[in-house]
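need coordinates for the following:
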Amino acid sequence: MTDRPRIAPELIASLVEAAPSRVRRKLDAAPRAAQEWTWTRGDGEWTVAAGGETVTLTGDDLTGPGQAACTCLLSPRCLHLLSVVSLLDTTADDGPADAPPEAPGPAGEGAAPSPAEPVPDPLSAPAALDGNARAAARAAWNAAARTLAFGVRAAGSSGRAELLRASALARAARLPRLAAACVSVAAGPRDHPTADFDLSAYTADLTALLDLAWRLGGGPEGGRPDPTGADVGVGRRAYTEIGSLRLYGLGCERVVTASGYAGVVTHLVSVADGAVRRWSVSDVAPGGPERAAAAHGARVSFGGTALSHRDLGRAALVAQRVGASADGRLSGTAATTAATSEAPAWDTGPLAALWERPPAEQIADALAALTSPTRRSGADLVFAEFTVTGPHPEGVQATAAGRPYVLVGDGARDTLRARNLARIAEEPGTVLRVMARPVLERPGRLVPITADGLADLPPARRGRADLSLDTLRWAQPAAGAPARGPAGRPPASDPGTAALARVLARLAEAGREAVPADPAAVGALMLDRHLRTGAELLAVLAAAARERVRTATGESAAPPPDRLALAWLAASTYLTAVRHRLHTLAWRL
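Numbers count the residues shown, from 1 in each chain. Prediction:
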């Protein structure tokens, strides 16, 4: 759906709010009905055949009501138009949450600091908020709290409109991270009746929105940490000129996001005065999985080089007047120049130092980085030498420094890496140097990104393969054979945390009425697992969900949802922290 027009969040909100309640109820009953209609792209417009009516969308970005029309007499308050615009991605989706956007324009002028000098981290620096920003945070908190109180099942188009209105306010107040969080949660009421809906992912998104809105000043009065640059976010990644770098390519990985972005990220390191720093260059844009393969072979927009991302991952270069973001993303500006050469092997020269630290120490640092909101690019990577011992139901069984590990794919759709791993597993005894990323919630599992020491590769590959992008010989399945995906299940979760997770998910789905009939029983289970704080937070949450007040006419009614949202957020934050701790301990580092 990424090639369809995008729509401003405030425009969807306005259209939904203006529609009669009976039309909104019909939209809530079938929020994705327009998915089955015929969409046709014309010259500068889209037409959607909705039975006997036709919806017309003009332009790639819909920002005004005149750009969306329907032949129906009720237009623009008709079901046909609302169904169509509700399916569109919003213009708040300026980039994927887990990958950088395209490089911006030239970096700022002035003297460039040496890359060896410490660079201030704007992500952890305090952020000053004005009245508009605090008002946007309050609007986002109120929208999220009401969505929680009703539950995603009953929030409907009205709840989605309120979240999108809050997103527009956040964007106007220059709070891009809050705007994106509102959009993520707003997809829940639309997608809940479909198979695309993931309750655990929605619960995590709602937690993130409430937490961010609270940090920025939303919710009840009370103490809270000062907001930082990471809380504010950046609508367009900021780059600062840092001078010259001697860079060595390490490899590339495929990026495919649930929000409709795809591409490739190339990992590099620089070496200066014995210090090694990690960097990345990316090409991520709207598109499907096929775009990742195309970007891998496409020319890199960096310093005027003629290298592709595949070549950059195996090259060395000296770049001057380089632009870099606070988290280690590199950008070629108009003034950037680069001279390339062949990179050294992984086991000699400056790159060999990456493999000198014990794998257990590297994994501990990577796991800590995975839970940090301000991690630097590449901080979650591990460099280790593995000896293949054979196949495993999830991928490849291997050892490193005498300890067993499993090299796995990154989800069910990561089929190429799964086929490559199956091929590697057929060669027990093979010794590989691997750049990998540990999977926090699956102890002993790492996702390999690039492997060195492989046979049967073209000479230009230098024995190195990007496992999510390159095809190893004989790794392609026979025609008609289904692609093999990673099998296996993550380890069983702790009963106490699992019980709390179910309570939180049910409340997120069905609202305050889904509070357990006997929260004390769940609390007792948590106490048995030595989760006393969790049991106490659950008791507070249950009390907040059951709270009632008397109206002026003496009727019993639910109070404003602030207390419920704050209690739910506290319990969800606690659950996340405990799970991270248990997962880290399960790695037995």
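
how many neighbouring residues does G402 have?
7 (other Cβ atoms under 10 Å). Where you see a C-beta, it was placed from the backbone N, CA and C, and this is true even at glycine.

if I've got this straight, P189 is in a helix?
Yes. P189 forms part of a helix when assessed by DSSP: H, G, I helix; E, B strand; the rest coil.

help me confirm that it comes into contact with L164.
No. Assessed by Cβ atoms under 8 Å, P189 is found out of contact with L164, at 10.4 Å.

how much space is there between the nearest residue to A398 once chain neighbours are set aside and P227?
Excluding its sequence neighbours, the residue lying closest to A398 (Cβ to Cβ, 6 or more residues apart in numbering) is F386, at 4.0 Å. Distance of F386 to P227, computed by Cβ to Cβ, to the nearest Å: 42 Å.

these two: who's more crowded?
More crowded of F386 and P227, by other Cβ under 10 Å: F386, with 25 against 20.

which strand residues bridge the more buried one?
L432 (DSSP bridges).

same check on A338?
Beta-bridge partners, per DSSP bridges, of A338: A319.

buried residues in the longest strand belonging to the chain?
Longest strand in the chain, counting residues (DSSP state E): strand 240-256. Neighbour counts over strand 240-256 (16 or more other Cβ atoms under 10 Å) mark 240-245, 247-256 as buried.

which residues touch T63?
I7, A8, L11, T91 (Cβ atoms under 8 Å, 6 or more residues apart in numbering).

strands - which of those residues land there?
Filtering those for strands - DSSP E - leaves I7.

can you pick the most crowded of the contacts of T63?
Highest count within those by other Cβ under 10 Å belongs to I7, 25 neighbours.

for that residue, list each beta-bridge partner.
Beta-bridge partners, per DSSP bridges, of I7: L62, T90.

so it sits right up against T91, yeah?
Yes. Contact criterion Cβ under 8 Å: I7 and T91 qualify, at 6.7 Å.

one step back: what's the farthest-apart pair in the contacts of T63?
L11 and T91 (8.9 Å; Cβ to Cβ).

which stretches of this structure have low pLDDT?
Applying pLDDT under 70 to the chain flags residues 1-2, 92-122, 235-237, 259, 333, 460, 474-493, 589.

how does it divide into domains?
6-87, 131-232, 240-343, 352-466, 495-586 (automatic domain parsing).

returning to what we had before: nearest to P65, of the buried residues of strand 240-256?
For the buried residues of strand 240-256, the nearest to P65 is V256 (33.9 Å; Cβ to Cβ).

show me where the stretch 201-350 of the chain has its helices.
229-232, 290-296, 309-312 (DSSP state H, counting those that start in this stretch).

to P31, which of those lies closest?
That would be helix 290-296 among the helices of the stretch 201-350 of the chain, by Cβ to Cβ, at 27.4 Å.

so for the closest one, what gets flagged as buried?
R291, A292, A293, A295, H296.

how much space between the fourth one and Y261?
Pointing back at A295 there. Where Y261 is concerned, A295 sits at a distance of 11 Å (Cβ to Cβ).

what is in contact with the two at once?
Common neighbours of A295 and Y261 (Cβ under 8 Å, 6+ apart) are V284.
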